[in-house]
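Chemist: Provided below are the primary sequence and the corresponding predicted coordinates.
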Amino acid sequence: MPIELKVPEVGESITEVMIGAWKKAEGDAVAVDDAIVEIESDKATVELPAPVAGSITKILKGSGERAVVGEVIGWLEPAGAGASTAPPAPVPAPVSAAPAAPQAGSPAPAAARVMPAAARVLGEAGVPAATVAGTGPGGRVTKSDAMQAVASRPAEAPQQRAAVAPAPAARATAAITAMTAPPAQARGSREERAVLISPIRQRIAERLVTAQHDAALLTTFNEVDMSSVMALRAKFKDTFQERHGVKLGFMSFFVRAAVEALRAVPQVNAEYREPHIVYRDYCDIGIAVGGGKGLVVPVLRNAETMSFAEIEQRIGDLARRAADNKVKLEELQGGTFTISNGGVYGSMLSTPIVNPPQSGILGLHAIQDRPMAVGGQVVIRPMMYLALTYDHRLVDGREAVTFLKRIKDTIEDPSRLMLEV
């Protein structure tokens, strides 16, 4: 008896998802818990596992299509079962792409079973559809197959030019013509590609617009001398890694410094919930990391209780899973404050946007050697610009500056983290 593959529950209040990449095609064998297809929601990407061993007999929803929670998107035949008795879903008629005209004396290529979008791409590029291998359901050629085939075509060999040097008079005439002739029309590509917005990117866009519309956002800046932290890392990095199995990075220092600053200025850790301001005695700090589907912000719960090693281990684990779209939905929810490190991408200075309903976000930037006046002398120091964007509805300018100054003082004198002063 075939088993229905249904869209699972992916989070509270989520009713619609987008089908991501199918990891198995029709006819493929699967083992128990094998990932079959990615399900993309506005908060996270999850994988639908195979409930039993067997084979995929029918795919009803292709990549990029929308589906609702509980909807059947495919069929799985258990191993050892007989022929499927499920009513087959209607299969769209195959479309044949028009191949390029064959050369004289060569056989005409056979028509290929391709999807309409793929047929258009191949037809415009003059690529015979019969030469393209399909990875879609039933071996059909998808648009991505077509685009890959077009991109991987070998470039045509340039025509051989005569190696005879032109006469001096001809060279002079050619030079004058080149200087007086109008510039040649550029032959750059004018194509456009419309790509459906993923649910998570759509959600990011909505939240960022909401943050700017609903909150009174301001940004204040400072700079921090990273010499002490860098010296401390250099001194203890080998011992730290041997003992804890993870590198000692900068982020653990900033998380601990943020905890101390949030305790000193609790307004930055609060939430504007009209008609109240909600203050928190815990620090759930979100760390912005780049994921496979876009920027995600997994949360370090109760960061005030975590050691340097626990912070580094947790961040490393989250970053690896975010790159593979394996961060769980509950790990992205909540958070009372966020840290975003644009410096890893080379950002010199930026104004990060608050992640609502939070009231503050700390932006870190690239470390650069700069001349600084220290003790009446000019010295070269590794400096980083800091930015704090905050909600002015509950955080005043004095409190924002005090918070950022507390971060600066703690990083420039990391012994504060041990003495808690």
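Modeler: Arrived safely, thanks for sending.
Chemist: pLDDT-wise, which helix or strand of the chain ranks last?
Modeler: helix 168-180 (a mean of 58; mean pLDDT, DSSP states H and E).
Chemist: can you show me the strands along the stretch 1-150 of the chain?
Modeler: 3-6, 16-22, 29-30, 35-40, 45-49, 54-59, 66-68, 72-78 (DSSP state E, counting those that start in this stretch).
Chemist: possible to save those as JSON lines with mean pLDDT?
Modeler: Listed next are these as JSON lines, based on pLDDT from 0 to 100:
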{"stretch": "strand 3-6", "mean pLDDT": "93"}
{"stretch": "strand 16-22", "mean pLDDT": "89"}
{"stretch": "strand 29-30", "mean pLDDT": "93"}
{"stretch": "strand 35-40", "mean pLDDT": "90"}
{"stretch": "strand 45-49", "mean pLDDT": "86"}
{"stretch": "strand 54-59", "mean pLDDT": "93"}
{"stretch": "strand 66-68", "mean pLDDT": "91"}
{"stretch": "strand 72-78", "mean pLDDT": "94"}
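Chemist: export these to CSV and tack on mean neighbour count and distance to Pro414?
Modeler: Yep, even glycine has a C-beta here, placed from its N, CA and C like the rest. Converted to CSV, those look like this (neighbours: other Cβ atoms under 10 Å; distance: least, Cβ to Cβ, whole Å):
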stretch, mean neighbour count, distance to Pro414
strand 3-6, 17, 52
strand 16-22, 20, 43
strand 29-30, 16, 51
strand 35-40, 20, 41
strand 45-49, 21, 37
strand 54-59, 21, 55
strand 66-68, 13, 50
strand 72-78, 20, 52
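Chemist: how about Lys61, phi and psi?
Modeler: Note on Lys61: backbone dihedrals following degrees, to the nearest 10 are phi -130, psi 120.
Chemist: state the distance from it to Gly54.
Modeler: 19 Å (Cβ to Cβ, to the nearest Å).
Chemist: who's Ile277 bridged to?
Modeler: Beta-bridge pairing for Ile277 (DSSP bridges): Tyr272.
Chemist: ok, it - how many residues close by?
Modeler: 14 (other Cβ atoms under 10 Å).
Chemist: now do Ala151
Modeler: For Ala151, using other Cβ under 10 Å, the count is 8.
Chemist: so who does it touch?
Modeler: Under the criterion of Cβ atoms under 8 Å, 6 or more residues apart in numbering, Ala151 has no contact partners.
Chemist: now Asp317. Its backbone dihedrals?
Modeler: Residue torsions, per degrees, to the nearest 10, at Asp317 are phi -60, psi -40.
Chemist: state the pLDDT value of it.
Modeler: pLDDT, Asp317: 92.
Chemist: can you list the buried residues in stretch 373-392?
Modeler: Buried residues in stretch 373-392, counting neighbours by 16 or more other Cβ atoms under 10 Å, are found at 381, 383-391.
Chemist: for Glu274, state which of these is nearest.
Modeler: Glu274 has its nearest neighbour among the buried residues of stretch 373-392 in Asp391, at 12.3 Å by Cβ to Cβ.
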